[in-house]
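Undergrad: From the sequence below, what's the structure:
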Amino acid sequence: MKRGAFCLALFGWPMSGADDASAKAPVALYARFEHVPPGSATEILQRELRAILSPVGFNFEWRSANDSDQEVWADLAVATFKGHCDASDLVRANYFAGGALGWTHVSDGRILPFVEVDCDRISAFLASDLFALPLPAREKAFQRAIARVVAHELYHVFTQTKAHGSWGV
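TA: Just a heads-up that it's a prediction; the model follows:
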């Protein structure tokens with residue numbers, strides 16, 4: 001059931017009971033950025049991921065992977081963001097060479113709660129579409145794309161499935 005609901009959320013279909021995010025147990029998402037984006041970019045990313053995943057019961061509490069807090073969490077994941085995760089300089093991303101936009105780690109057949117996202121590949125993949133947007137809209141579109149890659153990878157982590165359908169998760 002949770003897998004189906006998670007899949008529906010990835011595609012933005014509304015679900016009943018999606019209004020009460022406060023009643024959901026928080027999940028820690030420890031984020032590590034290779035190049036820390038401006039605060040406005042991370043706010044858009046967090047807001048978008050919340051919009052995608054809260055309807056299916058995931059209320060993420062963002063933490064820096066560099067912080068050493070003593071909190072205990074029932075569920076957690078660690079997301080590492082490679083490359084430049086902001087749209088301020090897209091010149092570097094003029095050619096998409098292929099490859100995964102994000103991935104999870106597996107050990108002994110079990111999907112571990114470690115997610116990696118390659119922001120430079122996402123940027124290269126979307127470069128022509130992003131360049132067509134005015135600057136304010138460009139950052140929002142880029143962060144929305146990153147959030148969808150993160151949500152896709154978190155789907156694998158929390159449903160413990162490696163499967164992909166012919167049309168995506």
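
Undergrad: Need the phi and psi values for the residue most central in space within the chain.
TA: Among the residues of the chain, the one closest to the centroid is residue 150, at 2.0 Å (C-alpha atoms, centre = their mean). With angles defined as degrees, to the nearest 10, residue 150 sits at phi -60, psi -50.

Undergrad: Excluding sequence neighbours, find me the nearest residue to residue 120.
TA: With C-beta to C-beta, 6 or more residues apart in numbering as the criterion, residue 120 has its nearest non-adjacent residue at 3.2 Å, and that residue is residue 83. Bear in mind the C-beta positions are built from the backbone N, C-alpha and C, glycine included.

Undergrad: For residue 28, list each beta-bridge partner.
TA: residue 61, residue 76 (DSSP bridges).

Undergrad: Tell me how many other residues surround it.
TA: 18 (other C-beta atoms under 10 Å).

Undergrad: For it, report the pLDDT, please.
TA: pLDDT recorded at residue 28 is 88.

Undergrad: same deal with residue 121?
TA: 92.

Undergrad: Which helix or strand contains it?
TA: Taking DSSP states H and E as the criterion, residue 121 maps to helix 119-131.

Undergrad: Now do that helix: everything it contacts.
TA: 81-85, 87, 90, 92-97, 99-101, 138, 141-142, 145-146, 149 (C-beta atoms under 8 Å, 6 or more residues apart in numbering).

Undergrad: residues touching the residue nearest to residue 35 when sequence neighbours are not counted, list them.
TA: Spatial nearest neighbour of residue 35, chain neighbours left out: residue 84 (5.0 Å); criterion: C-beta to C-beta, 6+ apart. Going by C-beta under 8 Å, 6+ apart, residue 84 touches 35, 37, 92, 119, 120, 123.

Undergrad: Thanks a lot, catch you later.
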